[in-house]
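Trainee: Requesting a structural model of the entry that follows:
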Amino acid sequence: MDKARRHVAIVDDDPGVCRAMARLATSLGWETSAHASGEALLDAMTSETPSDVLLDLHLPGLQGAPLIAALREGTAPPRVIVMTGFDRPGARAACLAAGAAAYLLKPVSGADLERLIGAAEG
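Mentor: The predicted model follows:
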């Protein structure tokens with residue numbers, strides 16, 4: 001899949017983080033969509049199919065490992081990259097065990113995104 005066709009869904013309940021991450025992903029050549037909750041992302045996935053999901057760990061409602069597991073149930077599951085500003089013991093292990101491709105601490109850099117998402121373009 002090439003950069004122009006890559007769709008990165010950003011899930012964060014902070015609108016400022018969504019805007020910043022969308023600008024960063026767009027500057028790297030990817031299409032983006034923003035969602036304020038896990039439920040909003042799952043609802044949107046009936047009409048959009050992201051290749052990658054940048055997922056804030058701490059969201060209202062469905063979050064963390066249960067949300068990652070729900071995202072992994074589809075026929076073409078997106079790669080999930082978890083990002084958090086509030087790391088807690090066991091959170092990394094739980095997210096990776098649920099199927100996350102990576103677990104990053106905020107702030108997330110452009111280099112991190114390009115390395116993780118760009119590597120999947122090959």
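Trainee: Regarding the residue nearest the centre of the chain, what is its secondary structure?
Mentor: Central residue of the chain (CA atoms, centre = their mean): residue 54, 1.6 Å from the mean position. Here residue 54 is strand, with the state taken from DSSP: H, G, I helix; E, B strand; the rest coil.
Trainee: Next, the angle from the helix or strand hosting residue 34 to strand 52-56.
Mentor: Element membership of residue 34 [criterion: DSSP states H and E] is strand 31-35. Relative orientation of strand 31-35 versus strand 52-56 (axes from the mean of the first three to the mean of the last three CA atoms, to 10 degrees): 30 degrees.
Trainee: for the lengthiest helix in the chain, packing partners?
Mentor: Looking across the chain with DSSP state H, the single longest helix is helix 15-27. Applying 3 or more CB pairs under 8 Å, 6 or more residues apart in numbering; DSSP states H and E, one finds that helix 15-27 contacts strand 7-11, strand 31-35, strand 52-56, helix 110-118. (Each C-beta comes from the backbone N, C-alpha and C, glycine too.)
Trainee: Mean pLDDT and distance to residue 62 added to those, as CSV?
Mentor: Below are the helices and strands packed on helix 15-27 laid out as CSV (pLDDT from 0 to 100; distance: least, CB to CB, whole Å):
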stretch, mean pLDDT, distance to residue 62
strand 7-11, 96, 10
strand 31-35, 95, 11
strand 52-56, 96, 11
helix 110-118, 87, 23
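Trainee: Select, out of the ones you listed, the one closest to residue 102.
Mentor: Closest to residue 102 of the helices and strands packed on helix 15-27, according to CB to CB: helix 110-118, at 5.3 Å.
Trainee: tell me which residues of that closest one are tucked away?
Mentor: Of all the residues in helix 110-118, those buried under the rule 16 or more other CB atoms under 10 Å are 112-114, 116-117.
Trainee: give me phi/psi at residue 84?
Mentor: For residue 84, the backbone dihedrals (degrees, to the nearest 10) come out as phi -150, psi 150.
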